[in-house]
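Engineer: just the structure for this:
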Amino acid sequence: MEVLVGSSLSLLLLGAMQDFFGAQQRALLVQSAYTDSQNVTRTFTDLIGRELRQASYDPIAPGAGGAIAATADVNWCPGTDQGITIATSSSIRFIADLNGDGDTTDASENIYYYLAGNAIFRQDANGTPITLVTGVPTVGLSLRYYNNSNPPVELVPASVALTTGQRDCVAKVLITVQSSLPNPDPHRTDPLISTAQTEIAIRSRSLNNI
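Structural biologist: Numbers count the residues shown, from 1 in each chain. A predicted model of the protein is given here:
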């Protein structure tokens with residue numbers, strides 16, 4: 001009887017230890033996956049932030065017929081370089097004379113960020129999209145546009161995209177990105193959600209050059 005009781009207690013103890021270590025291992029997998037997801041979303045916001053700050057940059061003759069044409073519409077920020085060519089809630093395309101050679105024809109000077117399917121891509125004039133973030137929900141990339149007034153006023157598109165005049169007045173962009181990944185814990189069905197947000201001030205347009 002003593003041997004039987006001892007064996008039973010040992011089995012119960014081993015079972016409890018196995019459950020404990022299993023739970024710890026699953027928690028570690030979840031934490032690791034969540035950390036990786038956060039790193040990806042933060043890396044994306046850092047990258048687009050560095051490049052978007054330079055949108056419409058024209059060191060040759062800004063606002064006066066340099067590498068980037070200036071808007072002539074007196075109703076929409078006249079004299080501003082027309083450096084933003086596409087602006088929707090999930091995509092933005094912009095040009096900038098990044099190497100200061102007086103033109104914007106170099107492949108790295110025409111940059112397009114966009115959401116397609118469940119991924120965010122970056123594409124330049126070379127034409128080859130680069131995947132930056134995967135596991136993105138349908139509304140996982142949000143871009144909101146603001147002018148340079150104090151306080152800033154949001155520029156809301158009448159349909160899908162901002163008009164040419166609205167794009168010429170964009171001075172700040174609020175970017176929110178979300179990644180949704182399957183939970184590595186087989187006992188849970190809820191996905192791992194990681195969200196990052198950043199506000200970008202376009203240096204050539206914003207009084208608050210941050």
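
Engineer: quick check: G127 vs A107, distance?
Structural biologist: Remark: distance between G127 and A107 (CB to CB, to the nearest Å) = 9 Å. From N, CA and C alone the C-beta is placed, and that goes for glycine too.

Engineer: more neighbours: which of the two?
Structural biologist: A107 (11 against 8; other CB atoms under 10 Å).

Engineer: ok, for that one, nearest residue in space, not its chain neighbours?
Structural biologist: Nearest non-adjacent residue to A107, counting by CB to CB, 6 or more residues apart in numbering: A125, 4.0 Å away.

Engineer: repeat for L98
Structural biologist: L98 sits nearest to E109 (CB to CB, 6+ apart), 5.2 Å away.

Engineer: surely that neighbour and D101 touch.
Structural biologist: No. Between E109 and D101 there is no contact under CB atoms under 8 Å: 9.2 Å.

Engineer: and these two? Which one has more around it.
Structural biologist: E109 (21 against 13).

Engineer: mind checking how far that one is from R93?
Structural biologist: 12 Å.

Engineer: same check on T164?
Structural biologist: 13 Å.

Engineer: dihedrals phi and psi, C169?
Structural biologist: Note on C169: its backbone torsions stand at phi -100, psi 0 [degrees, to the nearest 10].

Engineer: list the contacts of it.
Structural biologist: Counting by CB atoms under 8 Å, 6 or more residues apart in numbering, C169 makes contact with W76, C77, T80, N147, N148, L155.

Engineer: quick one: residues contacting I200.
Structural biologist: Counted by CB under 8 Å, 6+ apart, I200 has contacts I48, G49, L52, R53, K172, V173, L174, I175.

Engineer: pretty sure the first one sits against Y112.
Structural biologist: When you say that, I think you mean I48. No. Using CB under 8 Å, I48 is not in contact with Y112; the gap is 10.9 Å.

Engineer: those two - which one has more neighbours?
Structural biologist: Neighbour comparison, I48 and Y112: the larger count goes to I48, with 22 against 17 (by other CB under 10 Å).

Engineer: thinking again about what came up before, in JSON lines: the contacts of C169, plus secondary structure and distance to I202.
Structural biologist: As requested, the contacts of C169 are exported to JSON lines (DSSP: H, G, I helix; E, B strand; the rest coil; distance: CB to CB, whole Å):
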{"residue": "W76", "secondary structure": "coil", "distance to I202": "15"}
{"residue": "C77", "secondary structure": "coil", "distance to I202": "12"}
{"residue": "T80", "secondary structure": "coil", "distance to I202": "10"}
{"residue": "N147", "secondary structure": "coil", "distance to I202": "11"}
{"residue": "N148", "secondary structure": "coil", "distance to I202": "9"}
{"residue": "L155", "secondary structure": "strand", "distance to I202": "13"}
